[in-house]
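*Asks:* Build me a structure from this.
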Amino acid sequence: MSSPTARGPVRVAIVGVGNCASSLVQGVHLYRHKPPGDTQGLMHPVLGGYRPGDLEVVAAFDVDARKVGRDLRDALNAPPNCTVPLAPDLPATGVVVRRGPVLDGVAEHMRLHPPERSFVVAEGADPGAAEMTDALRRSGAQVLVNYLPVGSEEATRFWARCALDAGVALVNCIPVFVASDPAWAQAFADRRLPLVGDDVKSQLGATITHRTLAELFARRGVSIDRTYQLNTGGNTDFLNMLDRHRLASKRRSKTEAVTSMIPQSLPADDVHVGPSDYVPWQKDRKVCFVRIEGRLFGGVPMDLELRLSVEDSPNSAGVVIDAVRCAKVALDRGVGGVLHAASSAFCKRPPQQRPDHEAHEALERFLAGDAAAR
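*Replies:* Sure, this is the predicted structure:
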């Protein structure tokens, strides 16, 4: 899967071979073979000297029996994956999916659903940290992308430790707080390994849209009284989040991403942001409903309602491609620890919440080489 350039490939390992991984891998292949001037759908056609097609997946880990032991291409097409195909001509990758530890990566309620919607856990004992660290090291991976299911607290910490011990940067795409945990942030800084997180934003999804609207209200002097964001989808991510205990960090991440744009503090009962229900026939299609109620000049009430429909997994892939390349740029520069500019630009729950235009400006300064903007 390599795409040699003057700077060489960006070697990536993936944990969790689900829909998001499928969109990422297919997207890399798609953009690698597009004409140079065709940049449709990209925020950064070239980032730090790297193009999207420079990403090379060198290792992949999962726990599903239908994926473990298969070439990554075939695993990406195995159920319960259901995202839209981006590259039907994707060739065999030569990367065989390895079994990782289950830990808390599979919710108990998932085992009650038909196999075509849920997991079929591969037989065998969970491999240990030493084995997985060695696998990462031997693969030559430079950046590890965490695509585990929401609520995988123990499993995410396991893989973060493996990344540290293997000398690999981490892009944490889920709402388990690693980059925003000072202890983990310091551990990555001590090893001079870049860390981007937590909980990746979509390219144009529910949270980035909701944040932008909330910021617009504030900038125009419209006070917000209450707001909600309701999301439905039919992929495994939404099925997993039917367990409300696993949903807690996701709801917190999305809520803070929105309320950080509202100047005044709203009572908890007046804010509801988060995944709402699982609708099987939607598959990877996510539908979002946003409502904001506020008051204009003179206290006159107004409200706004919006419906957004997107294919969920491709909507995050373009952001992750940029986050991975930022991690590689930092590696090239010898910069470790949390990449605050990239985390604020690409994640819902970064250590430093910034308005999106400020995050974008900081990211561009980082890419231009401004050390203070990291």
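*Asks:* Please enumerate the strands of the chain.
*Replies:* Applying DSSP state E to the chain gives strands spanning 10-15, 55-62, 98-99, 143-146, 169-172, 194-196, 223-233, 271-278, 285-295, 301-311, 337-338.
*Asks:* Out of those strands, which gets the lowest mean score?
*Replies:* Of all those, the minimum mean pLDDT falls on strand 271-278 (a mean of 92).
*Asks:* List of residues touching that strand?
*Replies:* By Cβ atoms under 8 Å, 6 or more residues apart in numbering, the list of residues contacting strand 271-278 from outside reads 207, 210, 226-234, 238-239, 241-242, 247, 250-251, 254-255, 257-259. Any C-beta I mention is one placed from the backbone N, CA and C, and that applies to glycine too.
*Asks:* Buried ones among those residues?
*Replies:* 207, 210, 227-234, 238-239, 241, 247, 250-251, 254-255, 257-259 (16 or more other Cβ atoms under 10 Å).
*Asks:* Bridge partners for R98, pull those for me.
*Replies:* According to DSSP bridges, the partner residues bridging R98 are F61.
*Asks:* What angle do strand 223-233 and the longest helix along the chain make with each other?
*Replies:* Ranked by number of residues, the top helix in the chain under DSSP state H is helix 312-333. Between helix 312-333 and strand 223-233, the angle comes out at 100 degrees (axes from the mean of the first three to the mean of the last three Cα atoms, to 10 degrees).
*Asks:* buried set for helix 312-333?
*Replies:* Buried residues in helix 312-333 (16+ other Cβ under 10 Å): 312-332.
*Asks:* same check, this time on stretch 160-172
*Replies:* For stretch 160-172, the neighbour count (16+ other Cβ under 10 Å) marks A160, C162, A163, L164, D165, A166, V168, A169, L170, V171, N172 as buried.
*Asks:* closest to V143 among these?
*Replies:* Proximity of the buried residues of stretch 160-172 to V143 (Cβ to Cβ) peaks at A169, which lies at 4.6 Å.
*Asks:* Surely that closest one is in contact with V329?
*Replies:* No. A169 is not in contact with V329 according to Cβ atoms under 8 Å; the separation is 10.3 Å.
*Asks:* Next, give phi and psi for the residue positioned nearest the centre of the chain.
*Replies:* Against the mean C-alpha coordinate of the chain, by Cα atoms, centre = their mean, the closest residue is C173 at 2.9 Å. According to degrees, to the nearest 10, the main-chain angles of C173 amount to phi -90, psi 0.
*Asks:* Quick check: beta-bridge partners of the closest residue to it other than its chain neighbours?
*Replies:* The shortest distance from C173 to any residue other than its chain neighbours is 4.2 Å, reached at V200 (Cβ to Cβ, 6 or more residues apart in numbering). Beta-bridge partners for V200, by DSSP bridges, are C347.
*Asks:* and V200, how many neighbours does it have?
*Replies:* Number of residues near V200 (other Cβ atoms under 10 Å) recorded here: 28.
*Asks:* so it touches S316, yeah?
*Replies:* Yes. Between V200 and S316 there is a contact under Cβ under 8 Å: 5.4 Å.
*Asks:* Let me know the outermost residue of this structure.
*Replies:* G298 (41.7 Å).
*Asks:* residues in contact with that residue?
*Replies:* Applying Cβ under 8 Å, 6+ apart, no residues contact G298.
*Asks:* now swap in D198 and tell me
*Replies:* 172, 174-180, 253, 343, 347-350.
*Asks:* Can you pull the phi/psi pair for it?
*Replies:* Dihedral angles (degrees, to the nearest 10) for D198: phi -120, psi 150.
*Asks:* Distance check, it against A257.
*Replies:* Counting by Cβ to Cβ, to the nearest Å, the gap from D198 to A257 is 11 Å.
*Asks:* Identify the contacts common to the two.
*Replies:* K348, R349.
*Asks:* so V17 touches A59, yeah?
*Replies:* No. Applying Cβ under 8 Å as the test, V17 and A59 come out as separate, 10.9 Å apart.
*Asks:* When the two are compared, which one has more neighbours?
*Replies:* V17 (27 against 24).
*Asks:* Now do the same contact list for the residue lying closest to that one once chain neighbours are set aside.
*Replies:* Using Cβ to Cβ, 6+ apart and skipping the chain neighbours, the partner closest in space to V17 is D62 (4.3 Å). D62 is in contact with V15, G16, V17, G18, V68, A75, V97, R98, R99, G100, counting by Cβ under 8 Å, 6+ apart.
*Asks:* do L164 as well
*Replies:* Applying Cβ under 8 Å, 6+ apart, the residues near L164 are A187, F188, R191, L193.
*Asks:* out of the residues you listed, who's nearest P85?
*Replies:* Using Cβ to Cβ, L193 comes nearest to P85 of the contacts of L164, at 33.9 Å.
*Asks:* Touching, the closest one and G336? I think so.
*Replies:* Yes. Using Cβ under 8 Å, L193 is in contact with G336, at 5.0 Å.
*Asks:* Which of these two has more residues huddled nearby?
*Replies:* More crowded of L193 and G336, by other Cβ under 10 Å: L193, with 24 against 20.
*Asks:* quick one, what contacts the more buried one?
*Replies:* L193 touches A163, L164, G167, V168, A169, L170, L331, G336, G337, counting by Cβ under 8 Å, 6+ apart.
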